[in-house]
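Undergrad: Next comes the sequence, and after it the predicted model I'd like to discuss.
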Amino acid sequence: MATPAIPQRLTNQIALVTGGSSGIGAGVALALAAEGATVFVNYSHSADGAAAVVKEIEQAGGKAFAVQADVSKEQQVLAMFEQIRKQCGTLHILVNNSGIQDDAPFLEMTLEQWENVMGVNLTGQFLCAREAAREFVRRGPQPEISRATGKIICMSSVHEVIPWAGHVNYAVSKGGIMQLMKSMAQELAPQRIRVNSIGPGAIATPINREARDTPEEEKSLLTLIPYGRIGEPADIGKVAVWLASDESDYVTGTTLFADGGMTLYPGFADNG
């Protein structure tokens, strides 16, 4: 007797993953598509990277499109959402993933470095979330597709709660995402729009390659991770699928840390 197929949790849903051309964003896009969502893979500069993610999704039997926009630019965000509506009619899931680092010691950090990071990491999340929420309200509920009218997932970081010297702009942007997410969740819940965050720890992506370039650097990084391994983009993709699905329908306004225990402050494990 054939084994019954496991129902896909995101069938007939349209998703947008910003910064989806590599790293965590690519892992999330692949995971959403594997659960039946049609995925728009946003990119700012890497058209080739986005095309590769779209190709991988299509080869696995899914459906995806690449869509260009610098999320820190309002007109580009508006044009991106208009393109999504023209191609697929609406949107059900936004994964606000685009993020950059532009590091410097605090005393040497320039205004340009500060504004670059805030523009993408925080303003970009505001602009995309606002347009997604407007689309959810315009469309209204589709209970045959999803119990929630819409789902917004903000990509935060363990650094929304852990200070990070030498990366002040990045840490502040992630702390801002926490309050953006919670405030949106509070305001949008009556419209049955769920808003949550994922707080990744150390994930093997291009953004943190320097921290694990050598065995010594990787060993040092692992001292911060009680679970004893560096995460993979697929780990975050699985969390995003759950937060986007009806399985988490009673969850809103929370950050789900996927960090191998980094937020447990392992330096205190033997200093009690």
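TA: All right, it came through fine.
Undergrad: tell me, how many neighbours does Thr214 end up with?
TA: Other residues lying near Thr214 total 9 when counted by other CB atoms under 10 Å. Yep, even glycine has a C-beta here, placed from its N, CA and C like the rest.
Undergrad: can you pull the pLDDT of it?
TA: Predicted confidence (pLDDT) at Thr214: the value is 76.
Undergrad: now swap in Trp164 and tell me
TA: 97.
Undergrad: list the contacts for it?
TA: Contacts for Trp164 (CB atoms under 8 Å, 6 or more residues apart in numbering) come out as Tyr170, Ala171.
Undergrad: For it, give its distance to Ile152.
TA: 25 Å (CB to CB, to the nearest Å).
Undergrad: Low-confidence regions, the stretch 1-150 of the chain specifically.
TA: Counting by pLDDT under 70, the ranges of the stretch 1-150 of the chain that qualify are 1-5.
Undergrad: where along the stretch 101-250 of the chain do the strands fall?
TA: 150-155, 193-200 (DSSP state E, counting those that start in this stretch).
Undergrad: Same list (those strands) but as CSV, adding mean neighbour count and distance to Cys88.
TA: Listed next are those as CSV, based on neighbours: other CB atoms under 10 Å; distance: least, CB to CB, whole Å:
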stretch, mean neighbour count, distance to Cys88
strand 150-155, 27, 14
strand 193-200, 26, 19
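Undergrad: Make a markdown table out of the ones you listed and add distance to Ala47.
TA: Below are these laid out as a markdown table (distance: least, CB to CB, whole Å):
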| stretch | distance to Ala47 |
| --- | --- |
| strand 150-155 | 21 |
| strand 193-200 | 25 |
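Undergrad: Out of those strands, which is closest to Gln125?
TA: Nearest to Gln125 among the strands of the stretch 101-250 of the chain is strand 150-155; the distance by CB to CB comes to 5.7 Å.
Undergrad: other SSEs contacting that closest one?
TA: With contacts defined as 3 or more CB pairs under 8 Å, 6 or more residues apart in numbering; DSSP states H and E, the packing partners of strand 150-155 are strand 93-96, helix 124-139, helix 168-188, strand 193-200, helix 233-244.
Undergrad: just the ones you listed: most buried one?
TA: strand 93-96 (a mean of 29; mean count of other CB atoms under 10 Å).
Undergrad: how far does that strand sit from the chain's center?
TA: 7 Å (CA atoms, centre = their mean, to the nearest Å).
Undergrad: neighbouring contacts of it?
TA: 10, 13-18, 20, 25, 28, 32, 37, 124-125, 128-129, 132, 150-155, 240, 244.
Undergrad: Note down every partner strand of that strand and its orientation.
TA: strand 14-17 (parallel), strand 150-155 (parallel) (DSSP bridges).
Undergrad: The ones you listed into CSV, with extra columns for distance to Val67?
TA: Putting those into CSV (distance: least, CB to CB, whole Å) gives the following:
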stretch, distance to Val67
strand 14-17, 8
strand 150-155, 17
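Undergrad: doesn't Ala29 make contact with Gly62?
TA: No. Taking CB atoms under 8 Å as the definition, Gly62 is not a contact partner of Ala29, at 9.3 Å.
Undergrad: Sounds good, over and out.
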